[in-house]
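Participant: Below: sequence and its predicted model.
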Amino acid sequence: MRESSFFANAVWVPACAGKTEQVGGISDCNFMASYEADEFESYTSLSAVAVCALLLGLASPLALLAPLMVVVPLAGVIVALLALVRIGNSAGALSGRKLAYWGLALSILCGIASPLRVSVRDNLYGRQADRTARAWLDLLSKNETRPALSYLTGNAMVGLNPPTSPDSPRPEPDPQIDALNLGKHELVLKLREEALHGEIEFALRNMTCDGSAINPRVALQYQTVKPDDSLTLRVVLLRSLAKPGWLVDSWNLEGETAHSHPH
């Protein structure tokens with residue numbers, strides 16, 4: 001009797017195959033199925049495109065080192081936008097929206113900073129070269145050719161005292177002879193003549209800068225505005241690697257062949 005009573009009071013839990021199970025009257029057999037469905041719906045995979053966008057954004061500062069590397073932030077912007085579109089169309093199946101936004105922000109920032117940096121650099125080089133050129137021209141107008149030699153590159157110095165023939169060796173540098181030859185140059189003669197009529201004032205008419213070269217190069221075009229506007233000249237300067245500052249590499253008056261020597 002006791003054994004029959006035990007089985008009569010026991011709770012039978014059948015296999016849950018669409019049927020209900022009742023343990024103490026508090027649970028349902030669909031509980032596990034519902035839980036697994038919720039877990040499946042909440043599962044998302046990380047977007048590989050978003051990760052790629054972030055990596056491109058982190059690599060975008062390379063554009064600040066070399067102008068050609070501006071393709072990196074451009075690619076970062078494109079990939080980040082593609083990632084955002086894919087994540088938005090995935091109905092929650094893809095994650096990584098924040099990664100894509102970070103990649104997009106870094107790419108845009110570096111993409112804008114790269115050309116801005118080049119513009120700022122060229123502007124700075126231009127101002128530095130302009131100060132050097134004006135100081136050099138001032139010395140020439142006063143016929144102070146000996147100190148003006150210190151503003152010249154080796155290429156320009158060789159041009160002051162070229163070989164007498166193509167086969168002859170280059171003469172040894174002689175500051176006295178070089179200063180005399182510089183004083184005979186048409187630019188110096190014209191500036192000295194202008195200086196007799198008053199203080200010479202130059203206006204910068206044009207500037208071109210190549211700051212990406214090993215030796216940055218700046219070409220400046222001037223026109224005299226005082227005592228008159230009779231002279232137009234061009235001065236090319238190189239940034240010196242041996243010592244800080246800029247050096248004059250070539251020069252010429254308008255309509256005159258540039259004073260220079262083959263490197």
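Facilitator: That came in fine, so what should we check first? Numbers count the residues shown, from 1 in each chain.
Participant: now the strands for the stretch 1-150 of the chain?
Facilitator: According to DSSP state E, counting those that start in this stretch, the stretch 1-150 of the chain carries its strands in the segments 45-46, 94-95.
Participant: deepest of these, which one?
Facilitator: Among the strands of the stretch 1-150 of the chain, strand 94-95 has the highest mean neighbour count (mean count of other CB atoms under 10 Å), at a mean of 17. Quick note: C-beta positions are derived from backbone N, CA and C, even for glycine.
Participant: what residues does it touch?
Facilitator: 44-47, 50, 86-87 (CB atoms under 8 Å, 6 or more residues apart in numbering).
Participant: Could you dump the residues you listed into CSV with pLDDT added?
Facilitator: CSV is the format used below for these (pLDDT from 0 to 100):
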residue, pLDDT
44, 81
45, 91
46, 91
47, 91
50, 93
86, 93
87, 92
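Participant: For those residues, which entry has the maximal number of neighbours?
Facilitator: Neighbours here mean other CB atoms under 10 Å. Within these, the largest count is held by residue 50, at 27 neighbours.
Participant: now it, nearest residue through space, not along the chain?
Facilitator: residue 96 (3.1 Å; CB to CB, 6 or more residues apart in numbering).
Participant: Give me the pLDDT for that neighbour.
Facilitator: In this model, residue 96 is scored at 91, pLDDT.
Participant: Please look at it and residue 87 and confirm they touch.
Facilitator: Yes - using CB atoms under 8 Å, residue 96 is in contact with residue 87, at 6.3 Å.
Participant: coming back round to it: got a markdown table for the strands of the stretch 1-150 of the chain, with distance to residue 241 too?
Facilitator: Listed next are the strands of the stretch 1-150 of the chain as a markdown table, based on distance: least, CB to CB, whole Å:
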| stretch | distance to residue 241 |
| --- | --- |
| strand 45-46 | 49 |
| strand 94-95 | 51 |
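Participant: Relative to residue 81, which of those strands is closest?
Facilitator: Taking CB to CB, strand 94-95 is the member of those nearest to residue 81, at 14.6 Å.
Participant: Tell me the residues that contact both of residue 96 and residue 87, please.
Facilitator: In terms of CB under 8 Å, 6+ apart, residue 96 and residue 87 are both contacted by the residues 47, 50.
Participant: Between the strands of the stretch 1-150 of the chain, which one is closest to residue 152.
Facilitator: Here strand 45-46 is closest among the strands of the stretch 1-150 of the chain (CB to CB), at 61.8 Å.
Participant: just the helices in the chain please.
Facilitator: For the chain, the helices defined by DSSP state H cover 2-9, 31-42, 48-59, 71-88, 97-141, 145-148, 154-160, 175-183, 186-195.
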